[in-house]
Every structure is written in structure tokens, then in C-alpha cells.
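> what's the 3D shape of this:
(one chain, ligands or ions: 4)
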Amino acid sequence: TDAFPLDIGEWRAGVPMVFADFAVGNELAATPGTTVRLKVDATLQLGTNHNVIAETRGGDPGKVVMVGAHLDSVPEGPGINDNGSGSAAILETALQMKHYPVKNKVRFAFWAAEEIGLLGSDQYVEELTQAQRDRIKVYLNFDMVASPNYAYKLYDGDDSDGAGSPAGPPGSAQIEKQLESFFDSRGLAHVGTDFDGRSDYGPFIAVGIPSGGIFTGAEGIKTPEEAALFGGTAGVAYDVCYHQACDTTANINATALDVNADAIADSTARFAFNLRSIPA
Ligand code: PHE
Ligand code: ZN
Ligand code: ZN
Ligand code: ZN
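Ligands and ions are numbered 1, 2, ... in the order given. So this is what the prediction gives:
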């Protein structure tokens, strides 16, 4: 809108995506050699959704730093930790950037339809030309950054933290290192987490764009080691309200939101000025 204070070109709704959401409740048992006719009981919902993309007016258009969070939630609840937390943190980073010119172009993405299969980010990356993809030097993803029983988990781009997922595209390790140094500088612990594509960075790493980000845990159970590092309760889910009606504003850990909002601003600003750690 005209009142929007950031020196951003314009807020742009992405190409509408039509999606079909199937809930299939069939199990199939077949004897080899027999013909099986499959009856699918499906509820089909059709809808249209938009990504919202905004980028700085200034900055080298040949060097784009992309920062994303999904704006949708599951139908079961309001989705405040998943993912109001990441959306709010990147929005605040965008607002604060009005105070600073940038060297590289910074593009913010509020993704649609993550919860039904990364549809928004998938469509966005799919529709980019190779030249447009090549200009995106870094993609930073923030999905669930204020879990009530949080751990500071960084996507394991270098596969050195035992998370078990493959290493990300070249440059991902450097993004992880830069995020690690933020937590180190605050004297805060951090651990690695699976870099397996279970959020909107998936389509980016699939085409070789260096990526990274922060995650504070979903339905997984906090370990005793993590409780020693971060406080909270071992043996309990990071987010007991994950994908439920109780994912309300009461489901936010204020400390985690505060620290991660700073980490997001810090990493965005550093890459906005300096991409030298990322291999060309
Ligand atoms: N993408 C998941 C969601 O939005 C959250 C998640 C991310 C869970 C990474 C595990 C690992 O529900
Ligand atoms: Zn979710
Ligand atoms: Zn999410
Ligand atoms: Zn790592």
C-alpha cells in the first residue's frame, strides 16, 4: 500500500495456483497375479492461493538474497507458531530494512499452500528461468521459529551435525556457518537439523540454490541433551500444539521469537551486503 514504509518496489501477488487436496482413506491388499480394481474415496477441495513477493528497490538485481516463510496454516488451527512466527519475523526484517540501503537485492517471499505440499514455493521456483534461478545467490527459510519447547536448530547444510540428511548445494554449509556465528556471538547453543526438504527450501535446493534457515522443532521429542542446552522439558514435543487448534498466540515462546527474529535480521542484513562466502 502507499503507507508501506519500506523502499520496496511493490507487493506482488504471485500467479494464482489452483490446488486439489485429496484425502484418501483406502488400503490395498493384492495377491500377485490378480487384477485389482481400486476405489478411491476422496474429498476434493479446489481453491486458489497466492504467494506474496516483495523486493527492495535497490541492490544489484544480479545478486538476489531471498528470504521466505509460509503464510498458510493447516485448517485445524490458526497456525501461530507454524508459521505466523516465521512470517512475522521476516515481515519485521523487511520493515526495518527501510533504514538501510542494500548492496544486493533482497526479496521476501510469503509462501502460499506450504501445508498441502510446498505448492507456492514449488510453483515459484518451477516458473523461474535458469537465468533467474542463477541470480538467486542465497535462500533463507524460516518455518516455526518460536516453538514453546524450543531448540535452536539450523538446517544442516554441511551434513556435519549427524542429522542424517544429505548435504545441501554448495554454499549451504556457509549459510549454516553464518547462522551458527550469530548464536555463538550471543553465547547460545545450536544444533543441526535434517535438511530433507520438509519446508519451502525444498524446491530451492532441488535446483541447486544454496539454502539455510532456522527451525525450533515440531512434533519431535526434545532430548535430554537438548534440554541441557536450551532448557525446557526433555521427553516432550518441541511444539505440543503442532498442527492443532491450540497453535495460538499462547503457543509462542517469546525468548525464541526474540532471538530468532534477531538472527533472521542479522543473516539477511549480512548477505544483503556480503555474499563473498558463497561460491560463485
Ligand atoms: N514444514 C513443516 C510444516 O509446516 C514443519 C517442519 C519443518 C517439520 C521441518 C519438520 C521439519 O508443518
Ligand atoms: Zn505445518
Ligand atoms: Zn510450517
Ligand atoms: Zn551442519
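> so the nearest residue to residue 202 once chain neighbours are set aside versus residue 280, what's the distance?
Counting by CB to CB, 6 or more residues apart in numbering, residue 118 is the residue found nearest to residue 202 once chain neighbours are left out, at 5.5 Å. C-beta: built from backbone N, CA, C; applies to glycine. Separation of residue 118 from residue 280 (CB to CB, to the nearest Å) stands at 28 Å.
> ok, back up a step: is the residue nearest to residue 202 in contact with residue 199, as I believe?
Yes: at 7.4 Å, residue 118 and residue 199 qualify as touching, with contact defined as CB atoms under 8 Å.
> just want to know which of the two has more residues nearby.
residue 199 (26 against 21; other CB atoms under 10 Å).
> for the more buried one, what are its contacts?
70, 114, 118, 141, 143, 213, 215 (CB atoms under 8 Å, 6 or more residues apart in numbering).
> ok, which of those also contact ligand 3?
residue 143 (CB under 5 Å from the ion).
> how about CSV for the contacts of residue 199, with distance to residue 240 added?
What follows is the contacts of residue 199, written out as CSV (distance: CB to CB, whole Å):
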residue, distance to residue 240
70, 21
114, 21
118, 24
141, 23
143, 18
213, 23
215, 16
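> how about the contacts of residue 199, which pair is most distant?
Of all pairs drawn from the contacts of residue 199, the greatest distance, 14.9 Å, lies between 118 and 215 (CB to CB).
> residue 218 and ligand 4, how far apart?
19 Å (CB to the ion, to the nearest Å).
> same check on residue 70?
23 Å.
> beta partners of that residue?
residue 111 (DSSP bridges).
> mind checking how far the longest helix along the chain is from the chain centre?
In the chain, taking DSSP state H as the definition, the longest helix is helix 254-273. Put simply, helix 254-273 sits 14 Å off its chain's centre (CA atoms, centre = their mean, to the nearest Å).
> show residues contacting it.
Contacts for helix 254-273 (CB under 8 Å, 6+ apart): 56, 59, 65, 67, 85, 88-90, 92-93, 96-97, 100, 102-104, 106, 137-138, 140, 142, 145-147, 150, 152, 175, 178-179, 182-183, 186, 188, 212, 214, 216, 278.
> no more questions from me, cheers.
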